[in-house]
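Trainee: pasting a predicted model and its sequence here:
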Amino acid sequence: MKKITLACAALLMAGALCAKPKKVEINSIADLEGKKIGVQAGTTGELFVQEEVPSAKLSSFKSGMDAALDLKNGAIDAVVLDELPAQQIVKRNPKLKIIRDPYFAANKEEYAIAIKKGNSELLNSINATIAEMKKNGDYEALVAAFMPADGNIKIPASVKSTGSKKLKLGTNAAFPPFEYVEGTDIVGFDITMGQKIATNADAQIVVIDMAFDSLIPALQAGTIDFIAAGMSVTEERKKNVDFSDAYFASEQVIIVRK
């Protein structure tokens with residue numbers, strides 16, 4: 001990833017262009033052939049480009065926003081990213097737009113919580129919490145809070161636990177609305193759900209932010225107890241972690257310059 005100036009980063013957040021990029025026409029997956037594509041490292045978007053668009057010039061970034069910065073600068077031609085984080089990026093940057101493709105719509109991905117292999121006690125507790133949330137209305141309330149129709153997110157109050165033990169939640173706080181930084185706090189759909197998981201396990205939650213592609217190694221090493229990071233269930237990941245029941249379905253989209 002090439003270095004950028006702080007001034008240029010500020011321009012991105014303000015929705016301004018740092019330089020005038022050349023015009024590139026991308027209207028579908030087929031148009032990605034031979035293009036310079038940005039992805040978030042360790043994600044299924046990265047895997048898709050590697051396997052399905054081998055002629056593309058791939059650049060991997062720590063976050064979707066970092067990739068969007070290079071897209072606006074003209075350093076890359078498109079970004080492949082999960083739908084909801086892509087919507088948040090485009091909302092902040094009106095000179096970008098989202099392209100949808102029928103292939104992505106027909107191959108939606110399921111998000112689930114990752115647990116260290118063999119930790120059946122925690123896995124069962126997490127699945128019980130997910131089932132309870134869907135039954136008692138907490139899940140629908142969480143969707144309404146972080147994915148409202150009007151786009152105005154209302155962050156719920158933190159769920160507190162008085163338990164003495166601690167559960168370490170590993171996440172990558174650059175994936176709104178599932179996990180992101182608001183002020184000095186890490187918030188999001190997954191974070192609130194993680195708080196409920198900890199409370200039901202009579203534990204206090206400890207949120208640990210790290211690069212997305214570091215999460216599974218950290219889980220295997222015991223640095224964290226579970227991953228809640230908008231992580232899609234894949235056969236490759238199932239070799240290294242156990243997954244909870246799915247709690248959300250998403251699809252990939254393409255971000256391009258208007």
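Mentor: The structure has been received and is ready for your questions.
Trainee: so where is the chain shaky, pLDDT-wise?
Mentor: Applying pLDDT under 70 to the chain flags residues 1-22.
Trainee: quick check: phi and psi on the residue positioned nearest the centre of it?
Mentor: Closest to where the C-alpha atoms of the chain average out (C-alpha atoms, centre = their mean) is Phe175, at 3.8 Å. Torsion angles at Phe175 (phi, psi; degrees, to the nearest 10) stand at phi -140, psi 60.
Trainee: the one 10 residues further on too?
Mentor: The phi and psi values for Asp185, taken as degrees, to the nearest 10, are phi -110, psi 150.
Trainee: where exactly do the helices run in the protein?
Mentor: According to DSSP state H, the chain carries its helices in the segments 6-13, 44-52, 64-73, 83-92, 102-106, 120-136, 138-146, 189-200, 215-221, 235-238.
Trainee: next, format those as JSON lines and append mean neighbour count.
Mentor: C-beta: built from backbone N, CA, C; applies to glycine. Formatted as JSON lines, the helices of the chain follow (neighbours: other C-beta atoms under 10 Å):
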{"stretch": "helix 6-13", "mean neighbour count": "14"}
{"stretch": "helix 44-52", "mean neighbour count": "18"}
{"stretch": "helix 64-73", "mean neighbour count": "24"}
{"stretch": "helix 83-92", "mean neighbour count": "19"}
{"stretch": "helix 102-106", "mean neighbour count": "13"}
{"stretch": "helix 120-136", "mean neighbour count": "16"}
{"stretch": "helix 138-146", "mean neighbour count": "16"}
{"stretch": "helix 189-200", "mean neighbour count": "24"}
{"stretch": "helix 215-221", "mean neighbour count": "17"}
{"stretch": "helix 235-238", "mean neighbour count": "11"}
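Trainee: what about Ala249, neighbour count?
Mentor: As a burial measure, Ala249 scores 11 neighbours (other C-beta atoms under 10 Å).
Trainee: any idea how far the residue nearest to it when sequence neighbours are not counted is from Asp82?
Mentor: Computed as C-beta to C-beta, 6 or more residues apart in numbering, the closest residue to Ala249 that is not its neighbour in sequence is Lys108, at 4.7 Å. Separation of Lys108 from Asp82 (C-beta to C-beta, to the nearest Å): 10 Å.
Trainee: which one of these two is surrounded by more residues?
Mentor: Legend: neighbour count by other C-beta under 10 Å for Lys108 and Asp82, higher for Asp82 (23 against 13).
Trainee: quick one, what contacts the closest residue to Lys154 other than its chain neighbours?
Mentor: Using C-beta to C-beta, 6+ apart and skipping the chain neighbours, the partner closest in space to Lys154 is Ala145 (5.1 Å). Contacts here follow C-beta atoms under 8 Å, 6 or more residues apart in numbering; on that basis Ala145 touches Ile153, Lys154, Ile155, Pro156, Phe189, Thr192.
Trainee: switch the cut-off to 10 Å
Mentor: Applying C-beta atoms under 10 Å, 6 or more residues apart in numbering, we find Ala145 in contact with Ile153, Lys154, Ile155, Pro156, Pro177, Phe189, Thr192.
Trainee: which one (most neighbours) among those?
Mentor: Phe189 (27 neighbours).
Trainee: who's sitting farthest from the centroid in the chain?
Mentor: Outermost residue of the chain (C-alpha atoms, centre = their mean): Ser164, 30.1 Å.
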